[in-house]
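Student: here are the coordinates; sequence isn't available:
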């Protein structure tokens, strides 16, 4: 049995798309720290699963500058490393929970955070997925309802 793995370019593309998709359902932009912090933390955690939140700051500075300039992270060259879907899911969930703590929510993600995680993982599996696909596959709800939840959380 083979396990599907993903390269860093695959993951960055899914992060850009997933967090961008979540932001698009709100009045916020993807350059908001509520999005850039977990994006950076995901990359830091993939690089070192034992990374401490305090060590995410450098990665965050780079990610935030890229997003402010280009509206997304720069997709890196493929360096040959790969991660399983479970490793990516663990990293994204860790990053969302840690960022929620920084935002004063404890380690409790809200509906917008959960949408971002679901969108990232859906796009990792299917880079052509739409918001409607995420709403259907991850929630079994009408996309307008999921968008309302996201706006309320923002």
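Tutor: Yep, it's here. Computed from a predicted structure; not experimentally measured. Residues are numbered from 1 along each chain as shown.
Student: how about low-confidence regions in this protein?
Tutor: Within the chain, the segments meeting pLDDT under 70 span 1-2, 105-107.
Student: what about the helices in it?
Tutor: For the chain, helices defined by DSSP state H occupy the ranges 8-24, 33-47, 57-70, 85-102, 111-125, 131-134, 143-153.
Student: same list, the ones you listed, but as a markdown table with mean neighbour count and distance to residue 79 please.
Tutor: (C-beta placed from N, C-alpha, C; glycine too.) Output for the helices of the chain, formatted as a markdown table (neighbours: other Cβ atoms under 10 Å; distance: least, Cβ to Cβ, whole Å):
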| stretch | mean neighbour count | distance to residue 79 |
| --- | --- | --- |
| helix 8-24 | 22 | 6 |
| helix 33-47 | 24 | 11 |
| helix 57-70 | 16 | 16 |
| helix 85-102 | 19 | 16 |
| helix 111-125 | 23 | 18 |
| helix 131-134 | 17 | 28 |
| helix 143-153 | 16 | 33 |
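Student: and those: which comes nearest residue 76?
Tutor: For the helices of the chain, the distance to residue 76 is smallest for helix 8-24, at 5.4 Å, taking Cβ to Cβ.
Student: mind checking which of the helices of the chain is nearest residue 78?
Tutor: Per Cβ to Cβ, nearest to residue 78 of the helices of the chain: helix 8-24, 5.4 Å.
Student: what's the angle from that closest one to helix 85-102?
Tutor: Helix 8-24 and helix 85-102 are oriented at 40 degrees to each other (axes from the mean of the first three to the mean of the last three Cα atoms, to 10 degrees).
Student: name the helices or strands packed onto helix 8-24?
Tutor: helix 33-47, helix 85-102, helix 111-125, helix 131-134 (3 or more Cβ pairs under 8 Å, 6 or more residues apart in numbering; DSSP states H and E).
Student: would you turn the ones you listed into JSON lines with distance to residue 74?
Tutor: JSON lines is the format used below for the helices and strands packed on helix 8-24 (distance: least, Cβ to Cβ, whole Å):
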{"stretch": "helix 33-47", "distance to residue 74": "11"}
{"stretch": "helix 85-102", "distance to residue 74": "18"}
{"stretch": "helix 111-125", "distance to residue 74": "17"}
{"stretch": "helix 131-134", "distance to residue 74": "24"}
